[in-house]
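**Student:** Starting from these lines, generate the structure:
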Amino acid sequence: MTDRRQFLSASAAIALSACATTPLGNIATTEIPPPQWRAGQSWTYRRSDAYNGLDRGAITREVESVSERGIRVVTRRANGATVEDALFASPGIQLSGTLSENGYVVGTFDPPLIRYAFPLVSGKRWEQRMHRTDANQSRYYLAVWSAVEGWQDVQVNDRTYRAIIVRRTMLLGPTPPEDLELHREELEWYVPELGTCVRSRIHEWTVTLLGVEPGYRLNLQLDSFKSA
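**Tutor:** Down below sits the predicted model:
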């Protein structure tokens, strides 16, 4: 148990060091309110491998329904295969879903995962300690460190948008088959006008008693969107 505690402490320290970076963009005091998600809205992203630039296929996130139960957002590949079926209490507050493309980090979150702590403003930070419960009712400890950075102009096809940058570093817990501690960093360019991020850089790595083992890196770029 002592080794396990020491291992988790070291793992968390690595995650925190990943957060301790110089903020990107221009700092401003503009506050961003939550978007209004409506059934039928969708956003399609091109994915590429950050190591070699190879195309990794497109995904589409669609607001399937908005009800008293919550907001259901389903992500699918171009062939229709479901990547994630997520439920949000409100935009930015995630009740359940998938936290890694490797498919193992799926379940409900207690307390809910705060992806965006609206209103967003440069310099805002929040931390969470939470649990994920999977379909077998197994519980796993999670920790998330989030920070709102500065503003940058981003290009989406032939248009330029103003985006605020959100950095999210996550300790996702053990994953099979070796039960290595999985870490993930998400760097997102959120455009208030569109109510979503238009660009995302994703990096995963695992931590062992011997050190850090790099995982995959993905880049996402908004290609098209549909209003409700």
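**Student:** ok, and the spatially most central residue of the chain, which helix or strand is that part of?
**Tutor:** By Cα atoms, centre = their mean, the chain has its centre lying nearest to residue 186, at 5.3 Å. Per DSSP states H and E: residue 186 is located in strand 180-191.
**Student:** to the chain's geometric centre, what's the distance from that strand?
**Tutor:** Per Cα atoms, centre = their mean, to the nearest Å, the displacement of strand 180-191 from the mean C-alpha position of its chain is 5 Å.
**Student:** Regarding the spatially closest residue to the residue nearest to the centre of the chain that is not a sequence neighbour, what is its secondary structure?
**Tutor:** Closest residue to residue 186 apart from its sequence neighbours, by Cβ to Cβ, 6 or more residues apart in numbering: residue 168 at 4.4 Å. C-betas here are computed from N, CA, C, even on glycine. Three-state assignment for residue 168 (DSSP: H, G, I helix; E, B strand; the rest coil): strand.
**Student:** quick one: the helices in this structure?
**Tutor:** With DSSP state H, the ranges of helices along the chain come out as 2-19.
**Student:** Can you pull out the low-pLDDT segments for it?
**Tutor:** 1-20, 103, 177 (pLDDT under 70).
**Student:** tell me the contacts of residue 228?
**Tutor:** 38-41, 63 (Cβ atoms under 8 Å, 6 or more residues apart in numbering).
**Student:** before we move on, the earlier item: quick check: the residue nearest to residue 186 touching residue 146?
**Tutor:** Yes. Using Cβ atoms under 8 Å, residue 168 is in contact with residue 146, at 4.8 Å.
**Student:** and for the two, which residues touch both?
**Tutor:** residue 115.
**Student:** quick one, what contacts residue 133?
**Tutor:** 107-108, 110, 139-140.
**Student:** That one and residue 226, how far apart?
**Tutor:** For residue 133, the distance to residue 226 equals 33 Å [Cβ to Cβ, to the nearest Å].
**Student:** Same check on residue 39?
**Tutor:** From residue 39 to residue 226 the distance is 12 Å (Cβ to Cβ).
**Student:** what does residue 218 give?
**Tutor:** 23 Å.
**Student:** Then residue 122?
**Tutor:** For residue 122, the distance to residue 226 - Cβ to Cβ - is 30 Å.
**Student:** One more: residue 180?
**Tutor:** Taking Cβ to Cβ, one finds residue 180 at 39 Å from residue 226.
**Student:** which of those two has more neighbours?
**Tutor:** residue 180 (18 against 12; other Cβ atoms under 10 Å).
**Student:** Contacts only, for that one.
**Tutor:** 174, 206-208, 213.
**Student:** Just the buried ones from those residues, in ChimeraX syntax?
**Tutor:** Selection of buried members from the contacts of residue 180 for ChimeraX, criterion 16 or more other Cβ atoms under 10 Å:
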select :206,207
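**Student:** Confirm for me that residue 95 is in contact with residue 89.
**Tutor:** Yes. Checked against Cβ under 8 Å, the pair residue 95 and residue 89 is within contact range at 5.5 Å.
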